[in-house]
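Colleague: Sequence first, predicted model second:
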Amino acid sequence: MVLNKVKNVLCGVAAALVLISGSAFALDLNMPVGVTPMSHDVYDLHMYAFWVCVGIGIVVFGLMLISIIWHRKAAGHQPAQFHENTAVEVIWTVIPFIILIALAIPAAKILVKMTNTSDPDMTVKIEGYQWKWQYDYLQNGFSYFSTLAADSNAASQLDSGINPDSVPHYLRNVDHPMVVPTGKKIRLLVTANDVIHSWWVEDFAVKVDAIPGFVNEAWIKVEKPGTYRGGCTELCGRGHAFMPIVVVAENWDDYQKWLAAMQASHGAFINPATLQPEQNGSPVVYAPAELNFNAPTSAQLEPVAAVLPAAAQPAVPGTAATIVKPAPKHPAIAEKTWTMAEAMERGKKVYADNCAACHMPDGKGNPAMGVKAIAGGAIANGPLAAHIALVLHGKGIMPAWGNQLNDADLAAVITFERNSFGNHTGDLVQPAQIKAAR
Amino acid sequence: MSTVAVAHEHHAEHPRGIWRWITTTNHKDIGTLYLCFSLLMFFVGGAFAMLIRAELFTPGMQLMDPLFFNEMTTLHGLVMIFGAIMPAFVGLANWMIPMMIGAPDMALPRMNNWSFWILPFAMLLLLSTLFMPGGAPAGGWTMYPPLMLQTGIAFPFTIFAIHLMGISSVMGAINIIATILNLRAPGMSLMKMPMFVWSWLITAYLLIAVMPVLAGAVTMELMDKYFGTSFFNAAGGGDPILYQHVFWFFGHPEVYIMILPAFGIISEIIPTFSRKPLFGYSSMVYAIASIAFLSFIVWAHHMFTVGMPLAADLFFMFSTMLIAVPTGVKVFNWTATMWRGSLSFETPMLFAIAFLFLFTIGGFSGVMLALVPADWQYHQTYFVVAHFHYVLVTGAAFAIMGGVYYWLPKWTGHMYNEKLAKTHFWLTAISANVLYFPMHFLGLAGMPRRIPDYPVQFTDLNQIVSIGGFVFGASQLLFVACIILCVRGGKKAEARVWEGAHGLEWTLPSPPPYHSFTEPPAPNLIWAHPYRND
């Protein structure tokens, strides 16, 4: 009878423990194991150090508790008067020292491995900006910016009224993710344009500071295809929480398709998901020749357009139907001529992606931050040349956009600023004007 | 003889009312000023923390602009470090050191007055930036360039406030060293000094060594912004990381400036309520000295992600891990002091025991953070926030609170209300853990620090943390209530307030006379200090 009762109680406790630990896993209470060889090593080191601390804690806290429970005056305990013992002092100096050596050796070994960036299969340069990332595929000759997804951005505005729970991957989603192949050693060259940022994807166990004027190195080798998310971890100003990192890892073949599509897209970003074969249909076989992809060599660091002629278009449209290739938005940037309507439409998007963070979606600026208003502002309603110069070269906390946006986008956004928020200058700026002003 | 006569005359003359506090050169009055000021700043910095936790209660921005949030985190750090923790320790030093070493006052009383009165103006200057166009500094308390250089008109005010606080600290430190080295009662050799005095002697040297380094770092920043230099500007041939090296050469000893006096306080409280001499007095002194020395060669462990060479990473990892050895010695010695004692659990002892457990947890996470590969995951996440709040709140602040309850009857002549004080302790200790423990999990799960908004998977833990924060904040009102009630009245306190208390301060009546020891104490009293009974 009694035994049975004890048994029941024990079963109940065990069930409760399982439930608690189960929910604990659901809550993500620990460091993820990750998907790179380094992240496994780091996870193991972390757990090893954790259990060493738990062990020491049990001994030390146990002794304190024994004192607190048994050696109390209320229990009538008389104080001993010992106050010195050289032998125990030596013991509790030496034992921690030995434990520390046992921790230091594996840590040093892993560190040596992690800092070895030699012999990479490919290199991507990552540059931090206030507040976005730029991924530059050095060997493939293209680069693009990666900014916070529009739905997250809208929901994160003060009193937006949008429930963040309703936004997929709130603050962990971007418009243009970084795309990498699995199973390859990828060297990351990390730097920054303005202030210090830090590039961190926890599943890769890579955190490396992006420092203006200096280039830091790190490497990753992703084992599993998937989407991995992180963010900036060095305070970088108002938008620090709003510059996430999303890395899509694809197997080598899919990655090659994406590379080819990117090189053929004339500057537009191709979402790798749109290149996947349709779920219900049979997989489409992409012959390398159709995409006109050649493995890049270091000699091929010319601009995209020069490397990839028009033949990059699929030879047989039918077979490549699943490659969603949007019509290039600005096929030849320098020669593009905007109409007012086109420029306003494009400018509105460029403004939302790049300017609204500081100048606010309504163009009223942010006086607390020292950001001037565009609505009714002296620059947006003053001489055009001064407006173009300010946007191109920056001033004070206004960044220089000349090296971040192309001529067409700059022309569009300046046009938009001069004809929105109650501004009515009627100016239509053309890419050629930007080119001339550079 | 003549000095005694002059002192008596001066005693008769000291002014009353507000003028007493402005012109005072008395170590007790100045100690009181420091302690009241730090309590006020504890609430100001705490109010900033409440705003931070309120904004982080749910994802999305509800209360403030992200830039204002950054101003709050920056000011919370600066106010708590330079306004609350450091002045509280200086206040305790002012009150207790002359009484513990058998001196009439501090060695340099006029400088003592000046070093306090700089502080309120420095803090006013810092807090006034909240009302300036462009807002308060928002680059974090570490003030890293180039971000800090984007601060508006608040920038030079912040730098000047830092300079003033540094001057105040250095003057306080000089005074403490001069007092300890010159005014000890005959017969009190260095190795017979109370542990609190020892810890402050070493802390004072750290202050003199590193505060000028901080002043240099922020001045170079000022030059970069206004005088066209490029110390930290890569485009001009400088290096933003140089600032971090210089800053943390100050910053790491600064961490020990905020914990060594706490070690001293705990070493006073635990023997008293264990009714047993401190175990291993001399090894405790050597441990503090070793920690102080090591604090100068570990600074770059705050910057493992900046891309240092492998050899530097390894050096700073090993030197940092080494700190665990003397720190461990201290924890073991405190445990051995309690071992087979006759323990009672008045409020000071409760805070001291909580310190032992919770500071040790902060030490554990410190060892984990020292491992460079693991640090690359922990760095700049809430794991670090948890670590340094365990060390600075449940470490330094708990020791200060314990010290205040321990000596409050001596200062006021009244016993505090034990029941109210114990309520304060339990609310504080429990809420602090609700506040800081889940931060470990948040950091491991990937939440960066210093962010005003977060992905929704962190919501539950953030709500627990915020609730802990609100309870912790509200509980401190009880602390104020305890102090005010005790100053106003209460049971009369005896000279030796606690049964197991030893040391010169307990030979003076409660409250002590205006000039603590006008005559040197009898040598046999010095031998009765709590560390040896031979």
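Modeller: Nice, thanks for sending it over.
Colleague: Check the secondary structure at A:Cys381 for me.
Modeller: Not quite, residue A:381 is Asn, not Cys. With DSSP: H, G, I helix; E, B strand; the rest coil as the basis, the three-state label of A:Asn381 is coil.
Colleague: show me the contacts for the spatially closest residue to it that is not a sequence neighbour.
Modeller: Nearest residue to A:Asn381, sequence neighbours excluded (C-beta to C-beta, 6 or more residues apart in numbering or on different chains): A:Asn423, at 5.6 Å. The way it works is simple: take the backbone N, C-alpha and C, and place the C-beta from them, glycine included. Residues near A:Asn423 by C-beta atoms under 8 Å, 6 or more residues apart in numbering or on different chains: A:374-377, A:380-381, A:417.
Colleague: How about B:Trp334?
Modeller: Counted by C-beta under 8 Å, 6+ apart, B:Trp334 has contacts B:266-267, B:270, B:279, B:356.
Colleague: Adding distance to chain A, pLDDT and secondary structure, write those out as CSV.
Modeller: Converted to CSV, the contacts of B:Trp334 look like this (distance: C-beta to the nearest C-beta, whole Å; pLDDT from 0 to 100; DSSP: H, G, I helix; E, B strand; the rest coil):
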residue, distance to chain A, pLDDT, secondary structure
B:Ile266, 13, 97, helix
B:Ser267, 12, 95, helix
B:Ile270, 10, 95, helix
B:Phe279, 5, 92, coil
B:Leu356, 6, 96, helix
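Colleague: For residue 91, report the pLDDT, please.
Modeller: Looking at chain A here, since you left the chain open. Looking at A:Ile91, its pLDDT reads 92.
Colleague: my question was about chain B
Modeller: Looking at B:Gly91, the pLDDT reads 97.
Colleague: before we move on, the earlier item: wait, a helix at the residue nearest to A:Asn381?
Modeller: No: counting by three-state DSSP, A:Asn423 is not part of a helix but coil.
Colleague: sorry, back to before: could I get the contacts of A:Asn423 in JSON lines, plus columns for secondary structure and pLDDT?
Modeller: Below are the contacts of A:Asn423 laid out as JSON lines (DSSP: H, G, I helix; E, B strand; the rest coil; pLDDT from 0 to 100):
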{"residue": "A:Ile374", "secondary structure": "coil", "pLDDT": "88"}
{"residue": "A:Ala375", "secondary structure": "coil", "pLDDT": "86"}
{"residue": "A:Gly376", "secondary structure": "coil", "pLDDT": "85"}
{"residue": "A:Gly377", "secondary structure": "coil", "pLDDT": "86"}
{"residue": "A:Ala380", "secondary structure": "coil", "pLDDT": "88"}
{"residue": "A:Asn381", "secondary structure": "coil", "pLDDT": "88"}
{"residue": "A:Glu417", "secondary structure": "helix", "pLDDT": "90"}
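Colleague: ChimeraX command for the buried members of these?
Modeller: Command for ChimeraX, covering only those of the contacts of A:Asn423 found buried under the criterion 16 or more other C-beta atoms under 10 Å in any protein chain shown:
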select /A:374,375,377,380,381,417
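Colleague: Most widely separated two among the contacts of A:Asn423?
Modeller: Farthest-apart pair in the contacts of A:Asn423 is A:Gly376 and A:Glu417; separation 11.5 Å (C-beta to C-beta).
Colleague: How many residues are close by the residue in the stretch 151-300 of chain B that chain A sits nearest to?
Modeller: The minimum distance from the stretch 151-300 of chain B to chain A, using C-beta to the nearest C-beta, falls at B:Ala234 (2.1 Å). B:Ala234: 17 surrounding residues under other C-beta atoms under 10 Å in any protein chain shown.
Colleague: Run through the residues that contact the residue lying closest to it once chain neighbours are set aside.
Modeller: Nearest non-adjacent residue to B:Ala234, counting by C-beta to C-beta, 6+ apart: A:Gly213, 2.1 Å away. Applying C-beta under 8 Å, 6+ apart to A:Gly213 gives the contacts A:191, B:233-235, B:239-240.
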